[in-house]
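> one predicted model, sequence on top.
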4 protein chains.
Amino acid sequence: MQADQPVRTGRAKRLPRAVRERQIMDAAVDVFSRLGFHAASMDEISEVAGISKPMLYAYLGSKEELFATCIRREATVMMEAIATGIEPDQAPDVQLWSGLRAFFGFVGENRASWQVLHRQAGSQGGPFAAELAEMRGRAVSLVAALLVHATKTQDVPSASEQEAESLAAALVGAGESLADWWLDHPEESAGMVASRLMNLVWMGFGDLVQGNIWHPPSRR
Amino acid sequence: MQADQPVRTGRAKRLPRAVRERQIMDAAVDVFSRLGFHAASMDEISEVAGISKPMLYAYLGSKEELFATCIRREATVMMEAIATGIEPDQAPDVQLWSGLRAFFGFVGENRASWQVLHRQAGSQGGPFAAELAEMRGRAVSLVAALLVHATKTQDVPSASEQEAESLAAALVGAGESLADWWLDHPEESAGMVASRLMNLVWMGFGDLVQGNIWHPPSRR
Amino acid sequence: MQADQPVRTGRAKRLPRAVRERQIMDAAVDVFSRLGFHAASMDEISEVAGISKPMLYAYLGSKEELFATCIRREATVMMEAIATGIEPDQAPDVQLWSGLRAFFGFVGENRASWQVLHRQAGSQGGPFAAELAEMRGRAVSLVAALLVHATKTQDVPSASEQEAESLAAALVGAGESLADWWLDHPEESAGMVASRLMNLVWMGFGDLVQGNIWHPPSRR
Amino acid sequence: MQADQPVRTGRAKRLPRAVRERQIMDAAVDVFSRLGFHAASMDEISEVAGISKPMLYAYLGSKEELFATCIRREATVMMEAIATGIEPDQAPDVQLWSGLRAFFGFVGENRASWQVLHRQAGSQGGPFAAELAEMRGRAVSLVAALLVHATKTQDVPSASEQEAESLAAALVGAGESLADWWLDHPEESAGMVASRLMNLVWMGFGDLVQGNIWHPPSRR
DNA sequence: CATGAATGAGCATTCATTCAT
DNA sequence: GATGAATGAATGCTCATTCAT
């Protein structure tokens, strides 16, 4: 997204550290999202960032540190986007719905960010796996809390934490997978995709096949 | 699973080709599942297999060929396990249920196999991405077909193919994610985990929070 | 030339040693002439020969030994062909002419042999360089002797051995180079090519450009 | 020529790129000329050049690219040396003579260069064969042109192109072979060797054995 | 005798990382 | 602060050669 100076030449302009760091991380996110951690090379990142490799190391440390930093930044931004999107004082279904909408909205507008976060899920070997796992775990917990909250508003024996977490994991996975599917079918709108997932997890196939559909509150 | 002889010493015993090939592929699945394609080295695979590198190449070809062969073998075994588990002439919900049970059953008993198949999802660059994507695509199509079949038994305007596929993608993602979660919570039984996902996707949260639970037919 | 059994299967028939050795060497000459020493692999040679690698080693020793043996055999055959072709009791020019004709005749009918002998001239590093150099040296000496003999029949101060050898080296090189050129222009006959070289070295450009041509004795 | 530091130790001194590149190519020519393309290893070249392997690749690309670059450089230098040596407005024989003198002069002073160019003639397989063949072809064409020019100054039916080319090929081969012979008999002077070849190809044995010798014009 | 199975040793190439200017 | 120049350490792959059956 920021392959600016195609051929860097001469000495890079002196810039305040914060700006430089941002610049580098933008480049790193770009490259990591395109190639994945292993295939990405520090050479290419430094080139895209428009600085020399020693600067890369001076500012962001090793490749792994750089990757972890990227993950952390992008994950934080995404979580904030979602948190901001959720309408807190509404009914559980509406909260979930607004969360999903925010999630797909974010993915649609930040493909690179999303891919850095998701395209590496497997490489558990690396030490940045911790970073990734933690970020994902945070998302799962958030959803789990929402689910627990939903059951508490009813007269049903509240589900165990374990159960909530497992369901949350499933939901998060469904969201990730659907987001990937969406990348290959960009003709659909974020709202439509979000709505599908909402229907699936709130109504279930059992209802869906009978024509029972979940609708956003405004239409109710 | 067979990282036995940490330091191989002397000449490996003469074995018929077929046996050695199996041995090597088992080792490869082991290493690939632990480290992922990129981080795995042919050196380590040959060591784990208890043979020298040239045998690797003589029998299974290049690293990429080896990986693709692993993927194909494991995917085939898994798909067969699931196909065998599905009860074909039953109602759609029962079919789905038996499929999920078979899936989690397989994952529980073949962790390495499962991880080879799932831990590389992101590596879009590699030439084996095709292999992986195809395998996953096949699974998604299978689920989508099941969903379409389910809607057709009802008097509802049958869902578009696109919609079915997206829901199937979500379901598959939910299954994958839940399988991963399960790997970290092995105290649960396969049936319990499968049942959770079944309830989520068939009943939906909407029902679940009201205490409506899906039960296997025998209990109905 | 002897890629007989395309797919060897089962155990090779027991054959008397001499026959086996011939078979192997024919295959080796074929492969060496096509690929050169380095690019030729013992695997391919054994395959073309229709036997297993251990047999190759049992019969002909190491790759270098095998190559040296090939060189020796082919060179001997060629030298004999030339020696046989030379008419000993004739005038020097006729002797040279018959030698050249025999040489080009041999090359035309034994391309593989010729290429094994000539296509490796450069690789002086290997220990078989000795073999090659010796063979070539023998050819040069033969020509030199012929030249010396020619001068002795005249009333001129006979050229020094050194001079004769250098001229012989030049002549041999011209022959080799012309033979290579001929491989790329097979439409010419052996006699025509031989005649060109004869004219060049016997008459010289000085005569040639004045229309003075050397003719074989029968036409004189 | 600079196999100085047999064991390089510590970090190589910082040098500007152009200098290092020259240094590397000199080393490469040295090694290639001694061992030939196949037997030469990038390890040895880097060692002789006094740098690490990555520099080789950073500056000169792959082994094949490096070799091709060497060939091109050396061939260019040699062709220029010869072109410079030829006296253009003289009679054909004088032109040939000056060309030969220049050729042997070059070989005498640049043995490594000569050997890189000549010692690989056979390796037909490699992708650099094109490079080599083209260089040699250029030389042959040049000589052929000279021969055609020579016949045109006479009243003789000008030789066919084919004939001229074959004679040129023979002459070039004679030159190459004589140059090699010379490498083993360094006690002779370049002029003497050149003169021998000149006499052979201009006067022919027929004249030589009768004591007719070609002399450079100044002595005529 | 004949062979499938096995390997040690080496080679081209790349990449994260750092030094000296 | 900023960089061009430099490298140690792997990695994928191949080949001549040899056991064990």
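Received it, and whenever you're ready, just let me know what you need.

> would you map out the domains in chain A?
Domain assignment of chain A by automatic domain parsing yields the ranges A:17-61, A:70-211.

> out of these, the one nearest DNA strand E is which?
domain A:17-61 (3.6 Å; Cβ to the nearest atom of the strand). Glycine gets a C-beta too; all of them are placed from N, C-alpha and C.

> ok, A:Leu66 to chain D distance?
Distance, A:Leu66 to chain D, by Cβ to the nearest Cβ, to the nearest Å: 22 Å.

> how many neighbours does the closest residue in space to A:Leu15 that isn't next to it in sequence have?
Leaving aside its chain neighbours, A:Leu15 sits nearest to A:Gln23 (7.5 Å; criterion: Cβ to Cβ, 6 or more residues apart in numbering or on different chains). For A:Gln23, the count of nearby residues is 19 (other Cβ atoms under 10 Å in any protein chain shown).

> what sits against A:Gln23?
Residues in contact with A:Gln23 (Cβ atoms under 8 Å, 6 or more residues apart in numbering or on different chains) are A:2, A:15, A:49-51.

> also A:Ala194?
A:Ala194 neighbours (Cβ under 8 Å, 6+ apart): A:97, A:100-101, A:103-105.

> how close does it get to B:Ser166?
Separation of A:Ala194 from B:Ser166 (Cβ to Cβ, to the nearest Å) stands at 11 Å.

> need the pLDDT of the residue nearest in space to the middle of chain A.
Geometric centre of chain A, nearest residue: A:Trp114, 4.8 Å, by Cα atoms, centre = their mean. pLDDT, A:Trp114: 92.

> just checking, it touches A:Gly105?
No. Checked against Cβ atoms under 8 Å, the pair A:Trp114 and A:Gly105 is beyond contact range at 11.2 Å.

> around the closest residue to A:Leu66 other than its chain neighbours, how many other residues sit close by?
Using Cβ to Cβ, 6+ apart and skipping residues adjacent in sequence, the residue nearest A:Leu66 is A:Leu60, 4.4 Å away. A:Leu60 has 21 neighbours, counted by other Cβ under 10 Å.

> worst average pLDDT in the domains of chain A?
Averaging pLDDT over each of the domains of chain A puts domain A:70-211 lowest, since it has a mean of 86.

> and that one, how far out from the chain's middle?
Its chain's average C-alpha position is 9 Å from that of domain A:70-211, according to Cα atoms, centre = their mean, to the nearest Å.

> same check, this time on stretch A:43-56
Counting by Cα atoms, centre = their mean, stretch A:43-56 comes out at 25 Å from the chain centroid.

> rewinding a little: biggest separation within the contacts of A:Gln23, which pair?
Across the contacts of A:Gln23, the longest distance by Cβ to Cβ is 14.1 Å; it joins A:Gln2 and A:Leu15.

> from what I can see A:Gly85 touches A:Gln95, true?
No. Using Cβ under 8 Å, A:Gly85 makes no contact with A:Gln95, being 9.9 Å away.

> can you tell me how far A:Ser52 is from chain B?
Taking Cβ to the nearest Cβ, one finds A:Ser52 at 25 Å from chain B.

> secondary structure class of A:Glu188, three-state.
What DSSP: H, G, I helix; E, B strand; the rest coil gives for A:Glu188 is coil.

> dump the contacts of A:Ala194 to JSON lines, plus neighbour count, distance to DNA strand F and secondary structure.
Listed next are the contacts of A:Ala194 as JSON lines, based on neighbours: other Cβ atoms under 10 Å in any protein chain shown; distance: Cβ to the nearest atom of the strand, whole Å; DSSP: H, G, I helix; E, B strand; the rest coil:
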{"residue": "A:Trp97", "neighbour count": "25", "distance to DNA strand F": "46", "secondary structure": "helix"}
{"residue": "A:Leu100", "neighbour count": "28", "distance to DNA strand F": "40", "secondary structure": "helix"}
{"residue": "A:Arg101", "neighbour count": "21", "distance to DNA strand F": "42", "secondary structure": "helix"}
{"residue": "A:Phe103", "neighbour count": "27", "distance to DNA strand F": "36", "secondary structure": "helix"}
{"residue": "A:Phe104", "neighbour count": "26", "distance to DNA strand F": "37", "secondary structure": "helix"}
{"residue": "A:Gly105", "neighbour count": "16", "distance to DNA strand F": "36", "secondary structure": "helix"}
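
> now distance to DNA strand E too, for those residues, in CSV please.
Listed next are the contacts of A:Ala194 as CSV, based on distance: Cβ to the nearest atom of the strand, whole Å:
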residue, distance to DNA strand E
A:Trp97, 42
A:Leu100, 36
A:Arg101, 37
A:Phe103, 31
A:Phe104, 32
A:Gly105, 33
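
> what's A:Glu44 in contact with, if anything?
Contacts of A:Glu44 by Cβ under 8 Å, 6+ apart are A:31, A:35.

> what strand or helix carries it?
Assessed by DSSP states H and E, A:Glu44 sits inside helix A:42-49.

> thought A:Met25 was touching A:Arg73, still the case?
Yes. A:Arg73 is in contact with A:Met25 according to Cβ under 8 Å; the separation is 6.3 Å.

> neighbour count winner among those two?
Between A:Arg73 and A:Met25, counting by other Cβ under 10 Å, A:Met25 is the more crowded of the two (20 against 17).

> pull the residues that contact stretch A:174-185.
Contacts for stretch A:174-185 (Cβ under 8 Å, 6+ apart): A:100, A:103-104, A:107-108, A:111, A:114, A:118, A:188, A:193, A:196-197, A:200-201, B:162, B:165-166, B:169-174, B:176-177.

> could you do stretch A:143-150 as well?
By Cβ under 8 Å, 6+ apart, stretch A:143-150 touches A:92-93, A:95-96, A:99, A:158-159, A:161, A:164-165, A:167-168, A:171-172, B:205, B:209.

> go with 6 Å
A:92, A:95, A:164-165, A:167-168, A:171-172, B:209 (Cβ atoms under 6 Å, 6 or more residues apart in numbering or on different chains).

> got the CA positions of that stretch in PDB?
The C-alpha coordinates for stretch A:143-150 follow below in PDB (Å, rounded to 0.1, in the frame of the first residue of the first chain):
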ATOM      1  CA  VAL A 143     -16.900 -13.100  22.300                       C
ATOM      2  CA  ALA A 144     -17.200 -15.600  25.100                       C
ATOM      3  CA  ALA A 145     -18.000 -12.800  27.600                       C
ATOM      4  CA  LEU A 146     -20.700 -11.700  25.300                       C
ATOM      5  CA  LEU A 147     -22.200 -15.100  25.100                       C
ATOM      6  CA  VAL A 148     -22.100 -15.600  28.800                       C
ATOM      7  CA  HIS A 149     -23.800 -12.300  29.200                       C
ATOM      8  CA  ALA A 150     -26.500 -13.400  26.800                       C
END
